[in-house]
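[1] got a sequence here, can you build the structure:
(chains A and B)
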Amino acid sequence: MGSGDIITPLVMGILLGGLYALIALGLSMVFGVMRLINLAHGDLVILGSYGGYALMTLLGLDPIVGLVISIPLMFLLGFAIQKYLMGRAFGISSEAPLIIAFGISLVLQNANQILWTPLSRALNTSYSNLSFSIGLRQFPLTYLLDFTAGIIVMLALRAFLIHTYLGKAITAASQDKKAAQLMGINTKRVYGYAFAIAMISAAIAGVFLGMTFPFTPTSGVSFLTIAFGTVIIGGLGSMLGTFIGGIILGIVQTLGGYFFGPASQMLIVYVIVLVVLAIRPQGLFGR
Amino acid sequence: MKLKATRSKLTLIPLAALILVLALLPLIGAPQSWLLYAFLFFIYLAMANMWNLLAGYSGLISLCQPAFLGLAGYTLAIGTWVGLPWWAGLLGGATVAALFALLISVPVFRLSGIYFAIGTLVVPEALRMVFYLWRPVGGQMQGAGAGYMIKGTGGVSTHLIYWLAFVLGIGSIFLMKRVLKSKLGLGLAAIRDNERTAASCGVSVFKLKLYTFIIAALVTGLSGAVYYLYQGYIEPSATFNVRWTMTLLLATVIGGIRTEEGPFIGTIVVVFLYFLLARYAGYSLLIQGMILIGLMLLSPQGIVGMLRRSRYYRYLAQCVST
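    So this is what the prediction gives:
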């Protein structure tokens, strides 16, 4: 990116931010509704990447088409995790859900490692290496796909939360659990759906992540940190805030790389996250 | 009463014998692999005890322990490169870890509960990047990051390093007992029961939490430095790695969080599984993850919680504590 031109890293940052937002939306949703930091979110996203990889190598499906199969599976898995593990953990103690999430992360990472070996994989498609141009500048097509997917999923989640009964129930349960229960909302089921929907976004994020970057069974941790950064900057629970947070983080990363060299770009991201945490723990757009 | 006292002393004998055997392990010609596992046990035990002090007793779910042990390890390594003796490196490492805890307490102590956990999770990630880029002493950067041999440890026998770990591991148990009985421990108990009431009764919540954070950083740092003294090599990606956090969390939670004996029992399980499944690294962690989830749902107080339901264990615990 050292072409001496600031527009290129800026556009790359915005597009990359769409991917970060896509990864962070599920985390933001689960946190907003259940006050749970899902430490397994990064690994669930990577599970989505491996799902795409499996469908691509075994059935020869395009990863995006493969989502038709992987989304229902991830939805069920999410519902089951919430019903049988997380839901029970909430009754035990405040740190129990966090520890269970940690356990899920361990299981997923190592199951992936056993199934797929620690080798780095990628979702290579016929359009992986294509590019598009704005003016004279060339950009990878996958980045544009990431951004588009990020916007679509964000708008879909927002519309779902605002306009459907279930979405309204989820919002109600996140604002005041007891009041929601008094209004006849089955909060346990609502939590199940919220987690399952977060898993759908994880499945989608996993596929687009896999098309953009190579991944290994342990990649989840670094993407979890990025998702945290996104959610912290954007404010937890707000879908639009999360999206803007992703864009900011993407721009910080690419501009950091532009000014200080590509090696230090992630360090700058982490420093910004810590600074935002120290100054505004509720996020730039949080209430 | 007297009979009970002598009987409790009798039950202490096997425990004392076990400690003695562990202390003499290098001298009685135990196989190298046993020494390694006992060494790991002591290091993990000291660190898990400190994590229990933070997460179990002070409500600080710290996910930045790798930062402390890594900084101490790097202080030791860099110290040996500029000609410091190794023991000064150990002490310097512990000091650097404690100072770093003081430094990051400025941003992270503004956060509470879950936000504290998120904030601390970012710290080791940032440090890993720092050590990828920054090579403080010695030669050209090769590949990614500042990997260092720990120099001039030829004179340090592995037996001595083993005994250092032994003292740290056993010492951390007594330190926990001491801290929990002190004014600090009583204050922490008050905060845990009800933070607002404690604060209004004159308990300085911020100060007490800061003290525990620094104590935990100091001991974790010292253990980390001893670990790297043994390993003889340090590099950023394995050092500032979430795997350390996982090990400490597993040891504490499997044994029983917020119990004094929990980390001891949990560390035995973790090291034993590590030993048993040494050839299948992935399976070992997979099984530990499943144990973690299952145990948390069935017995949130870990193995200790299960054991406490048996009368014999309660009797034994009573004997040890008197």
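[2] stretch B:176-189: how far from the chain's middle?
    Stretch B:176-189 sits 18 Å away from the centroid of its parent chain (CA atoms, centre = their mean, to the nearest Å).
[3] what sits against residue B:308?
    Residue B:308 is in contact with B:301, B:314, B:317, counting by CB atoms under 8 Å, 6 or more residues apart in numbering or on different chains. To be clear about C-beta, it is placed using only N, CA and C from the backbone, and glycine gets the same treatment.
[4] format these as TSV; extra columns: neighbour count.
    Shown next, in TSV, are the contacts of residue B:308 (neighbours: other CB atoms under 10 Å in any protein chain shown):
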residue	neighbour count
B:301	21
B:314	12
B:317	16
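[5] got those as CSV, with secondary structure columns?
    Shown next, in CSV, are the contacts of residue B:308 (DSSP: H, G, I helix; E, B strand; the rest coil):
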residue, secondary structure
B:301, coil
B:314, helix
B:317, helix
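[6] pLDDT below threshold where in chain A?
    A:1-4, A:237, A:286-287 (pLDDT under 70).
[7] longest helix of it?
    helix A:7-34 (DSSP state H).
[8] does anything pack onto that one? Which helices or strands?
    On a contact count with 3 or more CB pairs under 8 Å, 6 or more residues apart in numbering or on different chains; DSSP states H and E, helix A:7-34 meets helix A:41-59, strand A:137-140, helix A:141-163, helix A:165-175, helix A:187-212, helix A:220-234, helix A:239-260.
[9] can you redo those as CSV with distance to residue B:165?
    As requested, the helices and strands packed on helix A:7-34 are exported to CSV (distance: least, CB to CB, whole Å):
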stretch, distance to residue B:165
helix A:41-59, 32
strand A:137-140, 50
helix A:141-163, 48
helix A:165-175, 47
helix A:187-212, 41
helix A:220-234, 28
helix A:239-260, 40
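[10] of all the ones you listed, which lies closest to chain B?
    Nearest to chain B, of all the helices and strands packed on helix A:7-34, is helix A:220-234, at 5.2 Å by CB to the nearest CB.
[11] who are the packing partners of the closest one?
    helix A:7-34, helix A:41-59, helix A:96-116, helix A:239-260, helix A:265-279, helix B:114-133.
[12] just confirm residue A:230 contacts residue A:19, I think it does.
    No: using CB atoms under 8 Å, residue A:230 makes no contact with residue A:19, being 10.0 Å away.
[13] for these two, work out which one has more neighbours and name it.
    Shown here are residue A:230 and residue A:19; by other CB atoms under 10 Å in any protein chain shown, residue A:230 has more neighbours (31 against 26).
[14] residue contacts, that one?
    Residues in contact with residue A:230 (CB under 8 Å, 6+ apart) are A:20-21, A:23-24, A:28, A:242, A:245-246, A:249.
[15] give me the number of residues near residue 65?
    Since you didn't name a chain, this refers to chain A. Neighbour count of residue A:65, defined by other CB under 10 Å: 13.
[16] could you do chain B instead?
    Using other CB under 10 Å: residue B:65 sits among 29 other residues.
[17] joint contacts of residue A:230 and residue A:19?
    residue A:246.
[18] write out the residues of chain B neighbouring chain A.
    By the rule CB under 8 Å from any CB of the partner chain, the part of chain B lying against chain A is B:55, B:61, B:106-108, B:110-111, B:113-115, B:117-119, B:121-123, B:125-126, B:129-130, B:132-133, B:242, B:246, B:249, B:253, B:257, B:282-283, B:285-286, B:288-290, B:292-293, B:296-297, B:300.
[19] buried only: go through those for me.
    Neighbour-count burial (16 or more other CB atoms under 10 Å in any protein chain shown) applied to the residues of chain B next to chain A gives B:55, B:61, B:107-108, B:111, B:114-115, B:117-119, B:121-123, B:125-126, B:129-130, B:132-133, B:242, B:246, B:249, B:253, B:257, B:282-283, B:285-286, B:288-289, B:292-293, B:296-297, B:300.
[20] show me where the stretch 151-300 of chain B has strands.
    According to DSSP state E, counting those that start in this stretch, the stretch 151-300 of chain B carries its strands in the segments B:233-234.
[21] ok and the residue in it nearest chain A?
    Proximity of the stretch 151-300 of chain B to chain A (CB to the nearest CB) peaks at residue B:289, 3.1 Å away.
[22] which ones are touching that residue?
    Taking CB under 8 Å, 6+ apart, we find residue B:289 in contact with A:103-107, A:110.
[23] residue 204: neighbour count?
    Since no chain was named, I'll use chain A. Residues near residue A:204, counting by other CB under 10 Å: 27.
[24] switch to chain B, please.
    Other residues within reach of residue B:204 by the criterion other CB under 10 Å amount to 13.
[25] same thing with residue B:178?
    As a burial measure, residue B:178 scores 11 neighbours (other CB under 10 Å).
[26] what does residue A:30 give?
    Around residue A:30 there are 29 residues (other CB under 10 Å).
[27] roughly how far apart are it and residue A:38?
    For residue A:30, the distance to residue A:38 (CB to CB, to the nearest Å) stands at 5 Å.
[28] contacts for stretch A:193-202, please.
    A:22-23, A:25-27, A:29-30, A:33-34, A:38, A:41, A:44-45, A:47-48, A:71, A:74-79, A:81-82, A:86, A:153, A:157, A:160, A:166, A:170, A:173.
[29] in PyMOL, select just the buried ones from those residues.
    Per 16+ other CB under 10 Å, the buried members of these correspond to this PyMOL selection:
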select buried, chain A and resi 22+23+25+26+27+29+30+33+34+38+41+44+45+47+48+71+74+75+77+78+79+81+82+86+153+157+170+173
